[in-house]
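In: Using only what follows, build the 3D model:
(one chain, ligands or ions: 1)
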Amino acid sequence: MLVAAKEMLDKAKAGHYAVGHFNINNLEWTKSILAVAQELNSPVILGVSEGAGKYMTGYKTVAAMVKAMVEEMGITVPVALHLDHGSYEGCKKCIEAGFSSIMFDGSHLPIEENIEKTKELVALAHEHGMSIEAEVGSIGGEEDGVIGEGECADPNECKKIADLGVDFLAAGIGNIHGKYPANWKGLNFDVLAKVQEKTGTLPLVLHGGTGIPADMIKKAITLGVSKINVNTECQLAFADATRKYIEAGKDLEGKGFDPRKLLAPGAEAIKNTVREKIELFGSANKA
Ligand code: 13P
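Out: A predicted model of the protein is given here:
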């Protein structure tokens, strides 16, 4: 059964650890992430961007696949299926499709419009027993066509959005999607501390988890980050392992071209990445 992400993140905030949000792209991704969460007895959030939802033929397919996999794999740890960077329309579709959590990304809108739409979606999500994430101060970089400048959130605006009853909040603190450039200045902990001061016990979300050094991750958790999003790192690990398999000519040996063999090293690489992140975020044995 899928669960809303509120309870697991409230527990994480109180217990000073973070739950990993790992983006999924297909069956292999989902299977690898679920297997490791179960192995480490950790709650987990499966993130679906609008682009990935479209790729997998739509949110209904995704919800049906994930629900069935949780059952068939005998997964007992809490699993949330969460729309990542959702538009207003995307949020409504995921509510209907049977997701257990949504993110409304109104960070590119004027704050008053972000507030108005977030408020409406908070009511709708809660009516359906789902959790909802909102965003203030856009995340930099590009993810599935969603481009952000990487601005830092205004703590007063965070307070306004938090007061609408959102269950967790993404606040930009200099984080970006994708690989960090060599001249990246690092996370802005002053802004994070101010956001936490204004939002109290509300779990905070750190997007752009790929490539953030371990010490910065740990410090962010001490300052109230309870959900960390990772996408690119799993993609890089998958691509690297698959390239090695093919470059070694293994697809040409025997039945090495069988997709179950061809995709196996990549799936194993995703598992290793997820294992590493869950250990770093401190959510192992917190299911
Ligand atoms: P990365 O791709 O940088 O890991 O970011 C993932 C993310 O924030 C998804 O919302």
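
In: what separates the residue of the stretch 1-150 of the chain found nearest the ligand from residue 276, distance-wise?
Out: Per CB to the nearest ligand atom, residue 84 is where the stretch 1-150 of the chain lies closest to the ligand, at 4.6 Å. In short, each C-beta sits where N, CA and C put it, glycine included. Remark: distance between residue 84 and residue 276 (CB to CB, to the nearest Å) = 21 Å.

In: quick one: which of the two has more around it?
Out: Set residue 84 next to residue 276 and count neighbours by other CB atoms under 10 Å: residue 84 wins out with 29 against 15.

In: Show me what that one bridges to in the sheet.
Out: residue 49 (DSSP bridges).

In: That one touches residue 49, doesn't it?
Out: Yes - with contact defined as CB atoms under 8 Å, residue 84 and residue 49 form a contacting pair (4.7 Å).

In: Any idea how many residues pack against residue 243?
Out: Residue 243, neighbours per other CB under 10 Å, totals 12.

In: Now it: which helix or strand?
Out: Using DSSP states H and E, residue 243 sits within helix 232-247.

In: Can I get that helix in PDB? Just the C-alpha atoms.
Out: Extracted C-alpha coordinates of helix 232-247, given in PDB (Å, rounded to 0.1, in the frame of the first residue of the first chain):
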ATOM      1  CA  THR A 232      20.800  12.600 -11.900                       C
ATOM      2  CA  GLU A 233      23.100  10.500  -9.800                       C
ATOM      3  CA  CYS A 234      21.000   7.300 -10.400                       C
ATOM      4  CA  GLN A 235      20.900   8.200 -14.100                       C
ATOM      5  CA  LEU A 236      24.700   8.600 -14.300                       C
ATOM      6  CA  ALA A 237      25.300   5.300 -12.400                       C
ATOM      7  CA  PHE A 238      22.900   3.500 -14.700                       C
ATOM      8  CA  ALA A 239      24.500   4.900 -17.900                       C
ATOM      9  CA  ASP A 240      28.000   4.200 -16.700                       C
ATOM     10  CA  ALA A 241      27.400   0.600 -15.800                       C
ATOM     11  CA  THR A 242      25.500   0.000 -19.100                       C
ATOM     12  CA  ARG A 243      28.300   1.600 -21.100                       C
ATOM     13  CA  LYS A 244      30.900  -0.600 -19.400                       C
ATOM     14  CA  TYR A 245      28.800  -3.800 -20.200                       C
ATOM     15  CA  ILE A 246      28.500  -2.900 -23.800                       C
ATOM     16  CA  GLU A 247      32.100  -1.700 -24.200                       C
END
